[in-house]
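K.L.:
Coordinates only, no sequence provided:
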């Protein structure tokens, strides 16, 4: 301590060392501010630890996982990553009910970002991001991605030749587009629109929702015959029959003066 004081006195008395003296003075004058900033940064850092960790991991992924240099290697990498993505997504969702915390999808999102870096616009990216929203209980928000997937399916260049609706084609086709997902999205949208019709107070709007639901349910049936798994909701074919009856009833109600008056 005595040595430091002597050094400080020497700096103060030597004009040639005035810049160094000023630097030390500034450190002394602002050290409390520096300490306060440091403590604040630590608090913020701890509060955003997981967010910061995800950013660091994403940053490292970009450099430690370079883009393949050949088309065959690119396709293989996307297919393998998509297979891992499905496994990871299932581990988060199977046996659980929404809403699932966003942090549970951290690894899923890392794999989605990897595929997106390799092939922007890939179907796996659009599909899984939409269904993550559904598992977070944000059904309405998921519709944007679902409709985008359906729109992309119009591009024949993204489709797999010989796609017969088998789910495995979704992963054999490195682009991530397949009839099975196309039909399932239509099936899910049909259920969503039917549910919306049931809560809509305006009879005319409710009728339009039912008609939109029927359009989607018919599309699912036309593509692969629909779905029969109870875990995926009402059978698509049964849904078509039910929606037709609901539409007839809704149209009858709208045409009834007493009903319109209510």
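P.N.:
Here it is on my side, so go on. As the structure is a prediction and not an experimental result, all values here were calculated from the model.

K.L.:
Just the element for residue 88, please.
P.N.:
helix 71-93 (DSSP states H and E).

K.L.:
so for the following helix or strand past that helix, what's the average pLDDT?
P.N.:
Next in sequence after helix 71-93, counting helices and strands by DSSP H and E, comes helix 106-118. The average pLDDT for helix 106-118 rounds to 97.

K.L.:
okay, the angle between helix 106-118 and helix 71-93?
P.N.:
160 degrees (axes from the mean of the first three to the mean of the last three CA atoms, to 10 degrees).

K.L.:
buried ones in helix 106-118?
P.N.:
108-115, 117-118 (16 or more other CB atoms under 10 Å). Any C-beta I mention is one placed from the backbone N, CA and C, and that applies to glycine too.

K.L.:
which helices and strands does that helix pack with?
P.N.:
helix 49-64, helix 71-93, helix 123-135 (3 or more CB pairs under 8 Å, 6 or more residues apart in numbering; DSSP states H and E).

K.L.:
Packing partners of the longest one?
P.N.:
Using 3+ CB pairs under 8 Å, 6+ apart as the contact criterion, the neighbours of helix 71-93 among helices and strands are helix 106-118, helix 123-135, helix 169-172.

K.L.:
quick check, distance from the second one to the centre of its chain.
P.N.:
Going back to what we said before, that points to helix 123-135. 5 Å (CA atoms, centre = their mean, to the nearest Å).

K.L.:
related to what we said a few turns ago, lowest-confidence stretch among the helices and strands packed on helix 106-118?
P.N.:
helix 49-64 (a mean of 56).

K.L.:
quick one: contacts for the spatially most central residue of the chain?
P.N.:
Residue closest to the mean C-alpha point of the chain, counted by CA atoms, centre = their mean, is residue 129 at 2.6 Å. Neighbouring residues of residue 129 by CB atoms under 8 Å, 6 or more residues apart in numbering: 112, 145.

K.L.:
That one and residue 179: what is the separation?
P.N.:
From residue 129 across to residue 179, the span is 20 Å (CB to CB, to the nearest Å).

K.L.:
just to revisit the earlier point, relative to helix 123-135, how tilted is the helix holding residue 88?
P.N.:
10 degrees.

K.L.:
shift numbering so it begins at 882
P.N.:
I'll keep to 882 as the first residue from here, and by that count the last item is helix 952-974.

K.L.:
Could you pull out the buried residues of helix 952-974?
P.N.:
956, 958-960, 962-963, 966-967, 969-970, 973-974.

K.L.:
chain center to it, what's the gap?
P.N.:
That offset, for helix 952-974, works out to 15 Å (CA atoms, centre = their mean).

K.L.:
for stretch 1027-1045, same thing?
P.N.:
On CA atoms, centre = their mean, the centre of stretch 1027-1045 falls 19 Å from that of its chain.

K.L.:
avg pLDDT for that stretch?
P.N.:
96.
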